[in-house]
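*Asks:* 3D, please:
(one chain, ligands or ions: 1)
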Amino acid sequence: METVCPVKHIAFIMDGNGRWAKKRLMPREFGHKAGAETFENIVNYCYDIGVQHVTVYAFSTENWKRPQHEIDALFKLFSYYIDHYAEKIGNRNVRIVFIGDRTGFSEDLKNRMQNVEEKTKNNGRILNIGINYGGRAEICHAVNKLIAEGKTEITEEDISENLYTSLSPDPDLIVRTGGEYRTSNFLMWQSAYSELYITDTLWPDMKGDDVDKAITEFMRRNRRYGGL
Ligand code: FPP
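*Replies:* Presented below is the predicted three-dimensional model:
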């Protein structure tokens, strides 16, 4: 029997890979590799405790400003892990959805992303992976789609239904590792009423216990959605 979790949708800003590596006198790429392993563990842990939707921020529209060698290393990592995750996570009744603008990616990467989405499309739980994702760009994309469909008046529902994350409800909880107090263009529209949990833990050090702490804190909060 599946556990009932108070959090239906949890989202992660996976920050601190670079600092984690620096503390070990290693290159930043080493931190990203450790972060990719943590990603798999944390995502699986979330499904184990009954979360139905998980969203992660792996590469933002602003991350292109990083040195080319770091961008290359990150994309090598995504490329390597895409099939691995499809096998390991996708087989656990998880539908993998890549959120973000993939138009500039290589044909090979685009095809493999599409294959993973296709292979897992009948699974019930959702994993949204943000690669070249930006919240503002996502809203513009949704609005442009609606304009192209001939809409002249746009409702909030129209926008929600046309976001990359349209298969998921808005996140209940957004967890940011690495101690920075900002949301960095992540899920701008969807986070209107999300609870934020910020921890100094660096992403590669993140464990199931830290997810438990975030959910315990979430349960203590009194969500009023603007009411009393
Ligand atoms: C931000 O930390 C992290 C990133 C830009 C990359 C996130 C990528 C992963 C966790 C690994 C891969 C994930 C998948 C889905 C394969 P930072 O490096 O900017 O940290 P810093 O603030 O300490 O420098």
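
*Asks:* C-alpha from now on. contacts and neighbour counts both.
*Replies:* Noted.

*Asks:* The ligand contacts on the chain?
*Replies:* Residues of the chain lying close to the ligand by Cα under 6 Å from any ligand atom are 14-19, 32, 35-36, 58-59, 77-78, 81.

*Asks:* please redo it, this time with the cut-off set to 5 Å
*Replies:* Proximity of the chain to the ligand, by Cα under 5 Å from any ligand atom, involves residues 15-19, 32, 35-36, 58, 78.

*Asks:* Show me these that map onto strands.
*Replies:* Among those, the members falling in strands (DSSP state E) are residue 58.

*Asks:* Quick one: mean pLDDT over stretch 156-172.
*Replies:* For stretch 156-172, mean pLDDT is 98.

*Asks:* Helix, strand or coil: sort out the nearest residue to residue 79 once chain neighbours are set aside for me.
*Replies:* Nearest non-adjacent residue to residue 79, counting by Cα to Cα, 6 or more residues apart in numbering: residue 109, 6.6 Å away. Using DSSP: H, G, I helix; E, B strand; the rest coil, the structure places residue 109 in helix.

*Asks:* separation between residue 109 and residue 123?
*Replies:* Residue 109 sits 22 Å away from residue 123, going by Cα to Cα, to the nearest Å.

*Asks:* neighbour count winner among the two?
*Replies:* Between residue 109 and residue 123, counted using other Cα atoms under 10 Å, residue 109 has the larger neighbour count: 17 against 14.

*Asks:* That one and residue 80 touch, don't they?
*Replies:* No. Checked against Cα atoms under 8 Å, the pair residue 109 and residue 80 is beyond contact range at 10.0 Å.

*Asks:* Which positions within stretch 150-161 qualify as buried?
*Replies:* Buried residues in stretch 150-161, counted by 16 or more other Cα atoms under 10 Å: 159-160.

*Asks:* what's near enough to touch the residue nearest the centre of the chain?
*Replies:* Centroid-nearest residue in the chain: residue 56, 1.5 Å away (criterion: Cα atoms, centre = their mean). Neighbouring residues of residue 56 by Cα atoms under 8 Å, 6 or more residues apart in numbering: 11-14, 127-130.
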